[in-house]
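Engineer: sequence and predicted model, in that order:
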Amino acid sequence: MSGAKGVKERRTAAGGDDRDDTIALMELLFFAYRDFISDPDAILEEIGFGRAHHRIIHFVGRQPGLRVSELLGILRITKQSLGRVLRELIDKGYVFQQEGAHDRRQRLLYLTGKGRELLARLSAPQIARVRRALDEAGPGAEAAFARVLERIIDEGERGRVRQMTGREKRSG
């Protein structure tokens, strides 16, 4: 075993080792993420927002009525960090909150029309980029890519993430 958990060092046909190959894949992931987020970053910069705003807009848009406590769990950030960014989104008219019907202490989050427009604008280039990559990678790429991404997620979170993303129905 090498220093990394579970990564065995053995020679590959190309003369490298699994650890080097894994590090190269990690680098690809960093570069892919850089480019995946570049278009939304430019849009966000135009309106003075950052990636935290994007993540909130994304998850609230995907799950209207999301509780603030659930959003904290999804993003794994502190209430203080969320509060500042969420307040800005509310004050600028992208998100609104409402009390829970059964528990008035709950704060349920929704996008406004302006928020839905921003979500569509941020998502469009990312959808196009991912769709193009999957189409170019060929048959079976989507399922294989999803399996790899799911296994990068902490094991205890996978079921919740599958459910949240709608993949639970597809992956069974």
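Structural biologist: Okay, I see it. Numbers count the residues shown, from 1 in each chain.

Engineer: of all residues in the protein, which one is nearest the centre?
Structural biologist: Note on the chain: the residue nearest the mean C-alpha position is R55, at 7.0 Å, using C-alpha atoms, centre = their mean.

Engineer: so that residue makes contact with L72?
Structural biologist: No - using C-beta atoms under 8 Å as the test, R55 is too far from L72 to be in contact (11.7 Å). Where you see a C-beta, it was placed from the backbone N, CA and C, and this is true even at glycine.

Engineer: next structured bit after the longest helix seen in the chain?
Structural biologist: Longest among the helix segments of the chain by residue count, using DSSP state H, is helix 18-46. Reading on from helix 18-46 to the C-terminus, the next helix or strand found by DSSP states H and E is helix 51-62.

Engineer: from the chain's centre, how far out does that following helix sit?
Structural biologist: Here helix 51-62 is found 9 Å from its chain centre; the criterion is C-alpha atoms, centre = their mean, to the nearest Å.

Engineer: so which elements touch the longest helix of the chain?
Structural biologist: On a contact count with 3 or more C-beta pairs under 8 Å, 6 or more residues apart in numbering; DSSP states H and E, helix 18-46 meets helix 51-62, helix 113-137.

Engineer: could you check how far G93 is from L44?
Structural biologist: Counting by C-beta to C-beta, to the nearest Å, the separation of G93 from L44 is 16 Å.

Engineer: quick one: which of those two has more around it?
Structural biologist: Comparing G93 with L44 by other C-beta atoms under 10 Å, the one with more neighbours is L44, at 20 against 11.

Engineer: neighbours of the closest residue to D41 other than its chain neighbours, how many?
Structural biologist: Leaving aside its chain neighbours, D41 sits nearest to R51 (7.1 Å; criterion: C-beta to C-beta, 6 or more residues apart in numbering). Around R51 there are 12 other residues, counting by other C-beta under 10 Å.

Engineer: wait, R51 touches S38, no?
Structural biologist: No - judged on C-beta under 8 Å, R51 makes no contact with S38 at a distance of 11.3 Å.
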